[in-house]
Structures are given as C-alpha cells and as structure tokens.
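Trainee: curious how this folds, go ahead:
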Amino acid sequence: MGRVATIGVYGFDAETFLACLREAGVTLLIDVRQRRGVRGADYAWANAKRLEAALTDAGIDYLHRKDLAPTTEMRKIQYAEDDRHGVGKRSRQTIGAEFARRYSAEVLDAADLASLIAAMTTTGLAALLCVETEAAACHRSLITDRLGAEHDLSISHLRP
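Mentor: I've put the predicted structure just below:
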C-alpha cells in the first residue's frame, strides 16, 4: 500500500512548515492551488516563488497541478456556503456538498490521476498542498479520498 499526505498553509510559518515536511519524510510537494499565493504578510513565504525556493533549499521537489484546482466559480460556491454558516476559509471545518459534487464531477472525473500517481511513486512521500488547515475543509481531501479508494493509498494529514 502506498502513502500520500496533505498539508495546508494556515497555522504554519516557513520554518515550521518545512520542519513538518521533513519530519514526515515528504520528498515531493504537489501544489493543487489555482492561484499559488496567499494573502497577508504572515503567509508571504507560501507564495509560489518563495515557496519553490525554500523547497529547493530543503531538497524537496515541487510540482504544480493546476488541473486539480477548483475553478473560480466553484470557489465562489464554497464562499457562499461559508457565508451561510458564518465561517471563513481559515476557520472552515468542512466543505459544502455542492462544492464537493461540482469539484468531483468537473475536476476529478476529468483529471489524469494516473500521471499524479506516477509522479508520486517516483519519489518518497508526496504531500498535496493547499491553504486550509483542516484537510476536510479543502478540495485536497476529495483528491485523497479518490486516490485512497481507487489506488489503495493510505492518507495522512499533516498539521501545525
């Protein structure tokens, strides 16, 4: 059985993020964000160029899979759900049913997961990256649910 991990940006600073990846044995970080940036000075380290440079220095490979990112329209559906529940992206605990349905049908069903599996198996442990602290609050959990079910992978969620 293979393994895959997930990690979010929120709750980390650059040093603790890299330490968490090293401690878990992550050798490949797969970025599944649509926009490879995070607002706010506290998370500037997670913007694409800075993150890639830090990963290179740490000896961790980087792969951006924009094809696995939700569309802007899907993200707006989730934001509306968040508003209905009075939560924000940083405090969300789960994703909405409509977002999950649309993401699964429009992104995951069309995705080349075989190439994702191939990239993940050429190295040690791979981790999927997005921003939310809780994997269940992020589309990366839908990806790992599919990978676990279809490819017999065990899933771990790295946290601050």
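
Trainee: run through the helices of this structure in chain order.
Mentor: Applying DSSP state H to the chain gives helices spanning 14-24, 48-58, 72-85, 97-106, 113-121, 139-151.

Trainee: show me what the least confident helix or strand in the chain by mean pLDDT is packed against.
Mentor: Taking mean pLDDT, DSSP states H and E as the measure, the chain has helix 113-121 as its least confident helix or strand, at a mean of 87. Where contact means 3 or more C-beta pairs under 8 Å, 6 or more residues apart in numbering; DSSP states H and E, helix 113-121 is packed against strand 2-7, strand 26-31, helix 139-151. Using the backbone N, CA and C atoms, a C-beta is placed for each residue, glycine as well.

Trainee: which parts of that helix are buried?
Mentor: By neighbour count, and taking 16 or more other C-beta atoms under 10 Å as the criterion, the buried residues in helix 113-121 are Leu113, Leu116, Ile117, Met120.

Trainee: and the residue lying closest to the third one once chain neighbours are set aside, what is it in contact with?
Mentor: Translated: Ile117. Nearest residue to Ile117, sequence neighbours excluded (C-beta to C-beta, 6 or more residues apart in numbering): His151, at 5.8 Å. Contacts for His151 were tallied using C-beta atoms under 8 Å, 6 or more residues apart in numbering; they are Gly2, Leu113, Ile117.
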